[in-house]
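*Asks:* 3D model of this:
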Amino acid sequence: MKVRRDVKEQPVEAKLTLGHGVAAACTGNTNATSFASKLTALATATAGLNTARANLVAAQAVAEAATQAQAVAAAAFNDAFEGVAVAIENLPNVTEEMALGLGVKIYHPGAAAALGTLPAPAHLVVTLGDFEGSVDVAVDRVRGAGSYLVQKSQTPETP
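*Replies:* Model (predicted):
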């Protein structure tokens, strides 16, 4: 006979249920007296896991509240900046140089932004595709890239 030990992959709630259940079943059970120190260790570990879980739940609530507060503050910033931007655009005889001197960036609607040369994607992974003779290619995304050009070579030395 073997006791199941597959608890490593169990969620925390299942571990807590198991820990409390074993403790309850062994309390006052004469068959458990020979491993009482192991039960004490399990009870201590269960209590520690319970505390850690409660701390995590509390921290998640705090993080959620902080995320919501940040979203509200970001929306207020966006509205305030929009007001400043409109005010600058409506200044009499405003020039590009004047606007830049006020600390804002300017853009010209309809003009494409110049990105310069983008770096090659990193972490190239090529795996066999679903169809004969095909491959799947995965890379880290490059900010500013709209598409990627993938080329193949018959030899590993040439790109």
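*Asks:* do you know how far the closest residue to A45 other than its chain neighbours is from T44?
*Replies:* Spatial nearest neighbour of A45, excluding adjacent residues (Cβ to Cβ, 6 or more residues apart in numbering): G19 at 7.0 Å. C-beta here means a position set from N, CA and C on the backbone, and glycine is covered the same way. Counting by Cβ to Cβ, to the nearest Å, the gap from G19 to T44 is 10 Å.
*Asks:* And these two? Which one has more around it.
*Replies:* Taking other Cβ atoms under 10 Å, G19 and T44 do not tie; G19 has more neighbours (19 against 11).
*Asks:* could you pull out the helices for the chain?
*Replies:* Here the chain has its helices, by DSSP state H, at 12-26, 36-89, 96-101.
*Asks:* Worst mean pLDDT among those?
*Replies:* Lowest mean pLDDT of these: helix 96-101, a mean of 92.
*Asks:* Buried by neighbour count: which residues of that one qualify?
*Replies:* By neighbour count on 16 or more other Cβ atoms under 10 Å, the buried set for helix 96-101 is A99.
*Asks:* can you list contacts of it?
*Replies:* With contacts defined as Cβ atoms under 8 Å, 6 or more residues apart in numbering, helix 96-101 is touched by I88, E89, L91, I106.
*Asks:* Report the two of the residues you listed separated the most.
*Replies:* L91 and I106 (12.8 Å; Cβ to Cβ).
*Asks:* how close does the residue sitting furthest away from the middle of the chain sit to A24?
*Replies:* The C-alpha centroid of the chain is most remote from T30, which lies 49.1 Å away (Cα atoms, centre = their mean). Using Cβ to Cβ, T30 is found at 15 Å from A24.
*Asks:* what's the answer for T127, then?
*Replies:* Per Cβ to Cβ, T127 is found 50 Å from A24.
*Asks:* Please apply the same query to L91.
*Replies:* For L91 relative to A24 (Cβ to Cβ), the value is 75 Å.
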